[in-house]
Structure formats: C-alpha cells, structure tokens
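Chemist: Prediction below, plus the sequence it came from.
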Amino acid sequence: MNPVHRDFFDGGAGEERTLRDNEAAFRRRRIIPRVLRGTGPRDLRTTVLGTDLSMPLLIAPTAFHLLAHPAGEAGTAQAARSAGVAMVVSMAATQPIEQIADTGAALWFQLYPQPDLDFQARLLERVTKAGVEGIVVTVDSPVLGTRTRDLRNGFTDLPPGLACRNMDGRDIAMDDRLGWPHIDRLRRATDLPLVLKGILHPADAALAVTHGADAVIVSNHGGRQLDGAIATLDALPAVLDAVGGRVPVLIDGGIRTGTDILVALALGATATLVGRPVVDGLARAGAPGVRETLETLRAQLDHALALAGAQRPAELSPDLIA
Ligand SMILES: Cc1cc2nc3c(=O)[nH]c(=O)nc-3n(C[C@H](O)[C@H](O)[C@H](O)COP(=O)(O)O)c2cc1C
Ligand SMILES: O=C(O)C(=O)c1ccccc1
C-alpha cells in the first residue's frame, strides 16, 4: 500500500496514547479458567438486535476500503457474508451501498449525524431500501480528531476517481452543535434499530438508553478522536453498570485476538467489533484476506472458550478475568 494510505489506516490522534492504550488494556487482563466443565463442541452463535451472527463479532465501520484494495467494501462484505458476521458499512464507504448489499451480507450502516436533515433523511431511505438491518450513529466526532500522521504526510484528499459514493457529491459534515435533540429526531425518523457508537462515559450511556438507543458501542474511535481518552476495555464496566442490562453493550478498540474477544464478553459485552485487522486482511489479499482475519479470530475464540471451560459466550462471567 502507499505508505501515506497505510498511515491513514494505522494512525491515531495526537501522540496516539489512546490508540496504544486500547491494545494495552486487553494485554493487561488475565483469564482465570474453569476446568472439567465438559463443554463439548463450542457454540459461538449470537444474535444482536435481530441480526444473527456466527460469532460475537461485527466488522467495525472504517472509511475508504478502495484505498486498501480494489475489491473495496464489497470485498469486505463478501468475506463477512461467508464468515456469517455482520459488517457495519462506513458513511465514508467508497462504493455504493447497493453494490455492497448485493453480496448478501448482513449490513448495518454507520452515520455521522448530518446537519442537513433533508439529505440525512434521503440517505436513511436509501440505505433502508438497500436492506441494512441497523443504523449506527457515531457520536464521538463533533470535530475530526487531529490525525498526526495524516498532517505530516499531507493526506487530505482521496486520489482521483475515489469518493464517498453514498454522499451524493457532498462532504461528510462534522457538526459541533449537534446534541440529543438530533438523536431524538433520528429515533423518530427510522424504525430500524438505532445504535450509538462512541460512548465512554456512564452518564452518556444512561442518556442513550433514555433517548431510545437500542444498543451502545463503547468506542473511542480506535484512538482517532480524543487522544488521552480512556481505553475502551477500562470504560466498559461503568457503562455496563449505567445501562443495567436494558440494552446490549458492544465494544471496539484494540481487539486483536480471540482471547481479547473472550475478555470483552466475560466482562459483559454482548459482542465486539474489529476495525484495523479487517482492513489489514483486505489490504493483504482482498476478500480472502478478510476471511482469513475473521476465521483466525473465530478459531482463537473457540480454542480460548474450550480452555477457559465455556461452551458458549453467554456462559462467560467477570469472575474469569483478573
Ligand atoms: C482507517 C479507519 C477508518 C475509520 N473510519 C470510521 C468511520 O468512517 N466511521 C466510524 O464511525 N468509525 C470509523 N473508524 C473507527 C472504527 O469504527 C472503530 O471504532 C475502531 O477502528 C476500532 O478500533 P480497532 O481498529 O483497534 O479495532 C475508523 C477507524 C479506522 C482505523
Ligand atoms: O472516522 C474516521 O476515523 C475517519 O478516518 C474518517 C474518514 C473519512 C470521513 C470521516 C471520517
């Protein structure tokens, strides 16, 4: 890959403290396994908001897949489909949602809340018609993070021929005036499950539930927004407390192995999302590369469940984690 584009995918905000801390938080945890549980073959299947998953993992929304590989978002979706997981399609996708949906993958669509409500309504209608099963609203981006590597590299624009194909020629707006009334309008505007992505503070998790969110994603945008923000795994317990089981709590950031997934689930997450490892698989080998990433994570999770004495994700509990 062009090293400038590699930096775009790999990089984070500021000094990349949060980027590093997401992974470090998982590496700090240890598993206290149970023995003699007679699990037999494991069953990894999970259902989240009506979407059936072959394992508790979704593909996190990431921008610009055509920069990584000519297969683009449709290649990622093809791998999601064959692995039986869902893909959250970024609003900054470089292929039309209809082309991505043609793969037959289970899709959710990620939306940066747009101040142009007419455009937002048309986009919602378009992605709903294409068959997406959920709307993921990213709430951690009132302004774009300071991407140190992109600034150093002068990466500001997509190369000629590439564009955000679901934006009708518009730029994605980030709007620092948006607040909960915008979420209330979105809630009224769609019958699809509404998920808020980018929740870290327990008070915001509670507000998300009272404003009608069907799930929240504990996320710091992979360390690309507020550098110095808490690692997602460290934020998870307080968010779970605040939500009190009313809606599923998902998590992303720094998940790199099947044991990372096990740790997140044991601490109470319903499912996990994975960003950079999927982009890396796409860049390496297109759809088969993404498939390899997903199947490696599946095999690792299955193995870790066996060794920790759990037949299924729902059997995991916080007492297994130190
Ligand atoms: C290259 C890149 C692009 C991203 N683009 C988006 C995006 O368009 N919308 C969004 O909500 N999150 C975006 N994210 C954040 C991811 O959805 C996710 O929160 C994060 O990557 C998870 O961390 P991980 O990469 O450590 O797995 C992006 C992340 C990366 C690395
Ligand atoms: O969300 C991001 O991290 C990101 O890189 C991005 C890319 C294009 C438009 C908006 C955000």
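Modeler: All right, it came through fine. Ligands and ions are numbered 1, 2, ... in the order given.
Chemist: Please name the residues that touch the closest residue to ligand 1 within the stretch 101-250 of the chain.
Modeler: Using CB to the nearest ligand atom, the single residue of the stretch 101-250 of the chain nearest to ligand 1 is Gly222, 2.9 Å away. Every residue, glycine included, has its C-beta placed from N, CA and C. Contacts for Gly222 (CB atoms under 8 Å, 6 or more residues apart in numbering) come out as Gly12, Leu19, Asn22, Ala60, Asp252, Gly253, Gly275, Arg276.
Chemist: mind listing what Asp241 touches?
Modeler: Pro202.
Chemist: Where does it fall, secondary structure wise?
Modeler: helix 232-243 (DSSP states H and E).
Chemist: any idea how far that helix is from the chain center?
Modeler: Distance, stretch centre to chain centre, for helix 232-243: 16 Å (CA atoms, centre = their mean, to the nearest Å).
Chemist: And the next helix or strand past that helix?
Modeler: strand 249-252.
Chemist: Run through who's touching that following strand.
Modeler: 48, 58, 60, 195, 205, 215-219, 222, 232-233, 236, 239-240, 243, 264, 268-275.
Chemist: Adjacent strands (with direction) for it?
Modeler: When sheet partners are counted by DSSP bridges, strand 249-252 sits next to strand 215-218 (parallel), strand 271-274 (parallel).
Chemist: helices or strands up against the helix or strand containing Gly281?
Modeler: In this structure, Gly281 sits in helix 276-308 according to DSSP H and E. Helices and strands touching helix 276-308, by 3 or more CB pairs under 8 Å, 6 or more residues apart in numbering; DSSP states H and E, are helix 3-10, strand 57-59, helix 65-68, helix 72-83, helix 258-266.
Chemist: Would you mark the buried spots in that helix?
Modeler: By neighbour count with 16 or more other CB atoms under 10 Å, helix 276-308 contains the buried residues 276-283, 285-291, 293-294, 297-298, 300-302, 304-306, 308.
Chemist: And stretch 90-108, by the same measure?
Modeler: So stretch 90-108, judged by 16+ other CB under 10 Å, has buried residues 90-95, 97, 100-101, 103, 105-108.
Chemist: Make CSV out of those residues and add pLDDT, distance to ligand 2 and secondary structure.
Modeler: As requested, the buried residues of stretch 90-108 are exported to CSV (pLDDT from 0 to 100; distance: CB to the nearest ligand atom, whole Å; DSSP: H, G, I helix; E, B strand; the rest coil):
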residue, pLDDT, distance to ligand 2, secondary structure
Ser90, 98, 7, coil
Met91, 98, 7, coil
Ala92, 98, 4, coil
Ala93, 98, 10, coil
Thr94, 98, 10, coil
Gln95, 98, 14, coil
Ile97, 98, 16, helix
Ile100, 98, 16, helix
Ala101, 98, 21, helix
Thr103, 98, 22, coil
Ala105, 98, 21, coil
Ala106, 98, 22, coil
Leu107, 98, 18, strand
Trp108, 99, 16, strand
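Chemist: And Gly309, how far from Ala322?
Modeler: Separation of Gly309 from Ala322 (CB to CB, to the nearest Å): 15 Å.
Chemist: The helix holding Asp241 close to ligand 1?
Modeler: No: Helix 232-243 lies out of reach of ligand 1 by CB under 6 Å from any ligand atom, never closer than 8.0 Å.
Chemist: So for that helix, what gets flagged as buried?
Modeler: Thr232, Leu233, Ala235, Leu236, Ala238, Val239, Leu240, Ala242, Val243.
Chemist: Between helix 258-266 and that helix, find me the angle.
Modeler: 20 degrees (axes from the mean of the first three to the mean of the last three CA atoms, to 10 degrees).
Chemist: Do I have it right that Trp180 meets Leu207?
Modeler: Yes: the pair Trp180 and Leu207 qualifies as a contact (CB atoms under 8 Å) at a distance of 6.6 Å.
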